[in-house]
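**Student:** Curious how this folds, go ahead:
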Amino acid sequence: QVQLVESGGDLVQPGGSLRLSCAASGSTLYYYAIAWFRQAPGKEREGIACINDGGDGSKFYIDSVRGRFTISRDDAKNMAYLQMNSLKPEDTAVYFCATAICSFDGQYHITDYRGQGTQVTVSS
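**Tutor:** Here you go, the predicted structure:
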C-alpha cells in the first residue's frame, strides 16, 4: 500500500513558478511510474507529465506544458516533483500525483494509487 500526499500548491501570478511535491509512504516508489494530473472546475482530468520507474526515468509531457514544466523523482527520498515555470491562468487546477502508466500520447493511466491533490491558482 502506497500513500501519496501532494504539497506546494499556492496562488501565484502569471509568469511565476511553483514546485509541487508528491510524498510517498508505505512502500518504495522506485518500481512505479508516477504521473501528475490536473483537473480544473468543469473540465476533464488531464494527465500532464509522467516519469517512468526508477530503473528507467524516461519523461513524458503533454504539449501544453512541455518546456514549462519538469517532472522529476528522488527515489532515495521517496518523492516526486513537478517544477512549473511560466505559469498561465489556464494552469489553474487541482494537481495530484498518481502511480501510472506513461505513454507518448499523453493518455497516462492511473494504476494503483493517487493523492488528494493540491490547489494551484494562477491569477493577478
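
**Student:** contacts and neighbour counts: CA atoms only from here.
**Tutor:** Will do.

**Student:** My guess is residue 108 contacts residue 35. True?
**Tutor:** Yes. Taking C-alpha atoms under 8 Å as the contact criterion, residue 108 and residue 35 are neighbours in contact, 7.1 Å apart.

**Student:** The two: who's more crowded?
**Tutor:** Looking at residue 108 and residue 35 with other C-alpha atoms under 10 Å, you find the greater number of neighbours at residue 35, namely 30 against 25.

**Student:** Please name the bridge partners of the more buried one.
**Tutor:** Beta-bridge pairing of residue 35 under DSSP bridges involves residue 50, residue 98.

**Student:** any idea how far it lies from residue 100?
**Tutor:** The gap separating residue 35 from residue 100 is 6 Å, by C-alpha to C-alpha, to the nearest Å.

**Student:** Overlap of the contact sets of the two?
**Tutor:** Common contact partners of residue 35 and residue 100 (C-alpha atoms under 8 Å, 6 or more residues apart in numbering): 50, 108, 110.
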